[in-house]
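Novice: predicted model, plus sequence, below.
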Amino acid sequence: MDAGVNPLVPGTPRTPPLPLVRYQSSHLTGVYQAFVEAATQAGEVVLVIGASTSAPAVEAVRAGRRALALYRNPIELLRAQMGLAPPTVDAVQTALTQLGDLSKAGRPLMAHLNGLYTSRCPECNAAGVAQWFAWDRDAGKPYAKRVDCRRCGTAQEGPVDDQDVAAAGSFPPRGGPA
């Protein structure tokens, strides 16, 4: 190691940013950049192998170096790509719209996904979105649910109805929505 590189570089604690925060490791900001600046020259290539965060590649590029990074975790690869060239809001909205328009089970994906969790409020019978179903393994069907109801203005818990049981029966065993 070069005598000019201080192996004890202080860093600033940083909570991972959104999105995907729960899938990321926290790290000390500035440590990688300080080390790269001390150990390399501007424009040189920094090789990052198996990093557990996107920080080494992002901080190397910010230090004026080129980075070649190999990640085993696709979430960290995505974070590094977003940290180096974040997408515009328009690009994200376009991508989400295109995703929602893709066909799934003969209808747009968004309609399909919404349909998976559509249920009636156990209190007023209005259409709502199920938060969860309680499942009786022996009977092989749900017996209770919690539904976000717009009419009631709150989530209501109660027994399932015939439509819920029929919808649950349309999924292969252990293949239904979480």
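Specialist: Yep, it's here. Residues are numbered from 1 along each chain as shown.

Novice: lowest-pLDDT helix or strand in the chain?
Specialist: Lowest by mean pLDDT, DSSP states H and E among the helices and strands of the chain is strand 12-14, with a mean of 65.

Novice: could you chop the protein up by domain?
Specialist: Per automatic domain parsing, the structural domains of the chain span 12-84, 104-169.

Novice: among the ones you listed, which comes closest to residue 97?
Specialist: Residue 97 sits nearest to domain 104-169 of all those, at 9.2 Å, using Cβ to Cβ. To be clear about C-beta, it is placed using only N, CA and C from the backbone, and glycine gets the same treatment.

Novice: for the closest one, what is the distance to the chain centroid?
Specialist: 24 Å (Cα atoms, centre = their mean, to the nearest Å).

Novice: from start to finish, how long is that domain in a straight line?
Specialist: 19 Å (Cα to Cα, to the nearest Å).

Novice: over to stretch 72-90?
Specialist: So stretch 72-90: terminal residues 29 Å apart, Cα to Cα.

Novice: from the chain's centroid, how far away is it?
Specialist: Distance of stretch 72-90 from its chain centroid, counting by Cα atoms, centre = their mean, is 12 Å.

Novice: and if you look at stretch 90-107?
Specialist: For stretch 90-107, the separation from the chain centroid amounts to 17 Å (computed by Cα atoms, centre = their mean).
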